[in-house]
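[1] Sharing a sequence plus its predicted fold:
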Amino acid sequence: MPINIPKQLPAGEHLRQEKIFVMEEDRAKTQQIRPLNILICNLMPEKEKTELQLLRLLGNTPLQVNVTFLNTATYESKNVSKSHLELFYSTFNEIKHRRFDGMIITGAPVEKMEFEDVLYWKEIEAIMDWAKVNVTSVMNICWGAQAALYHHYGIGKYELPKKCSGVYSHVITDLTVDLVRGFSDEYVAPHSRHTSVSIEEVRAHPDLRLLSYSEDAGVFIVQSKDNKQIMITGHLEYDATTLADEYSRDVAKGEEIDMPINYFPNNDPTKDPKHTWRAHSHLLFYNWLNYYVYQETPYVWHFVDEDIEYYI
């Protein structure tokens with residue numbers, strides 16, 4: 001089934017070239033079907049790249065998906081045109097009256113800052129609190145995962161001696177959990193971050209379940225026991241070349257940065273890296289959409305606002 005996107009969204013042409021089933025909004029409205037409504041709070045600086053990465057994964061399931069992009073009102077990205085934001089993004093005030101089946105909160109380039117020092121932190125807190133009632137399941141990625149662990153469960157982050165960057169081996173703690181159904185006993189996934197969270201604190205929290213971790217990169221997949229919150233501290237959504245692009249950017253800025261671990265063939269940055277995590281990327285998003293969104297969300301959202309009943 002297709003993913004439904006705005007007619008002129010730049011990512012659409014890339015998805016069509018990759019044979020991802022894309023349906024534009026006008027055609028989708030003619031179909032008598034209840035699609036899943038997914039909200040993407042995109043905090044990444046290069047928004048169009050992140051849009052393509054996430055839409056590629058959301059569009060590779062049997063479910064029809066409507067996507068709404070959310071941008072912060074308290075901070076306007078400097079790496080994307082204002083017209084792109086105006087055409088394809090909404091602010092929280094514009095969507096907070098709605099209900100969504102699923103939501104994704106992405107990473108953000110603010111991880112070295114204390115949460116309270118981030119310009120849009122209060123807005124993100126409001127969105128996370130609103131989602132408790134108005135969203136069936138939330139997937140939080142990288143900084144978004146750290147923000148969710150801090151806001152919902154009081155687990156803070158700490159700065160690493162050097163950046164965790166590369167493709168790391170991970171294990172699963174419980175293969176019977178639906179989110180990791182079909183995963184290999186051991187698999188690889190990329191990380192790109194300067195901070196981490198305590199694996200001991202996650203394991204000790206009564207409301208959380210540690211599903212996957214790496215001996216080298218630490219906590220990876222955490223799930224709340226009520227299935228409302230999924231925290232992914234790495235970047236399974238990354239393209240094969242994303243870590244290379246980040247590495248080249250940091251080198252060009254003169255930063256003292258190590259080469260991503262287990263990434264370039266023979267540790268040669270002139271060689272093209274392999275997309276060794278692609279299958280598990282698709283599997284994670286498929287499992288999340290199927291078991292935690294589609295199987296759990298109501299067919300008709302019912303809520304009461306000021307004594308008026310609504311069904312959507």
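    Perfect, thanks for sending it.
[2] From now on I want contacts and neighbour counts done on CA atoms only, so please keep to that.
    Noted.
[3] C-terminal to the lengthiest helix in the chain, what's the next element?
    Longest helix in the chain, counting residues (DSSP state H): helix 121-134. Using DSSP states H and E, the helix or strand that follows helix 121-134 towards the C-terminus is strand 135-141.
[4] Can you spell out which helices and strands pack onto that next one?
    Under the contact definition 3 or more C-alpha pairs under 8 Å, 6 or more residues apart in numbering; DSSP states H and E, strand 135-141 sits against strand 100-105, strand 229-232.
[5] Of all these, which one is nearest L54?
    Among the helices and strands packed on strand 135-141, the nearest to L54 by C-alpha to C-alpha is strand 100-105 (9.1 Å).
[6] Would you list the strands that that closest one pairs with, along with their directions?
    Strand 100-105 has its sheet partners listed here by DSSP bridges as strand 36-41 (parallel), strand 135-141 (parallel).
[7] ok, and what's touching that strand?
    Here strand 100-105 makes contact (C-alpha atoms under 8 Å, 6 or more residues apart in numbering) with 36-43, 134-141, 144-145, 289, 293-294, 297.
[8] Distance check, D178 against D117.
    According to C-alpha to C-alpha, to the nearest Å, D178 stands 36 Å off from D117.
[9] Compare these two and say which is more crowded by neighbours.
    D178 (15 against 10; other C-alpha atoms under 10 Å).
[10] residue contacts, the more buried one?
    Contact analysis of D178 by C-alpha under 8 Å, 6+ apart lists N287, Y291.
[11] same deal with A108?
    L43, M44, P45, C142, W143, G144.
[12] switch to 7 Å and redo it
    Contacts for A108 (C-alpha atoms under 7 Å, 6 or more residues apart in numbering) come out as L43, M44, W143.
[13] H151 versus that one, what's the distance?
    A108 sits 16 Å away from H151, going by C-alpha to C-alpha.
[14] Contacts for the strand or helix carrying E246 next, please.
    Assigned by DSSP H and E, E246 falls within helix 242-252. Residues from elsewhere that reach helix 242-252 (C-alpha under 7 Å, 6+ apart): I257, M259.
[15] pLDDT (mean, whole number) over that helix?
    When pLDDT is averaged along helix 242-252, the result is 94.
[16] Which strands or helices does whichever helix or strand comes after that helix pack on?
    Following helix 242-252 in sequence order, the next helix or strand is helix 278-287 (DSSP H and E). In terms of contacts (3 or more C-alpha pairs under 7 Å, 6 or more residues apart in numbering; DSSP states H and E), helix 278-287 is packed against helix 47-58.
[17] Just the angle for the helix it packs on relative to helix 278-287, thanks.
    Counting by axes from the mean of the first three to the mean of the last three C-alpha atoms, to 10 degrees, helix 47-58 lies at 70 degrees to helix 278-287.
[18] low-confidence ranges in the stretch 151-300 of the chain?
    Across the stretch 151-300 of the chain, the ranges flagged by pLDDT under 70 are 299-300.
[19] Can you name the next helix or strand after the longest strand anywhere in the chain?
    Ordering each strand of the chain by length in residues (DSSP state E) puts strand 157-172 first. Remark: after strand 157-172, the chain's next helix or strand is strand 186-197, criterion DSSP H and E.
[20] buried residues in that next one?
    Y187, V188, A189, P190, H191, S192, R193, H194, T195, S196, V197 (16 or more other C-alpha atoms under 10 Å).
[21] For the residues you listed, give me JSON lines that also has distance to E237.
    Output for the buried residues of strand 186-197, formatted as JSON lines (distance: C-alpha to C-alpha, whole Å):
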{"residue": "Y187", "distance to E237": "15"}
{"residue": "V188", "distance to E237": "13"}
{"residue": "A189", "distance to E237": "9"}
{"residue": "P190", "distance to E237": "9"}
{"residue": "H191", "distance to E237": "11"}
{"residue": "S192", "distance to E237": "12"}
{"residue": "R193", "distance to E237": "15"}
{"residue": "H194", "distance to E237": "18"}
{"residue": "T195", "distance to E237": "19"}
{"residue": "S196", "distance to E237": "19"}
{"residue": "V197", "distance to E237": "20"}
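[22] tell me the contacts of K157?
    Applying C-alpha under 7 Å, 6+ apart, the residues near K157 are Q146, T195, S196, V197.
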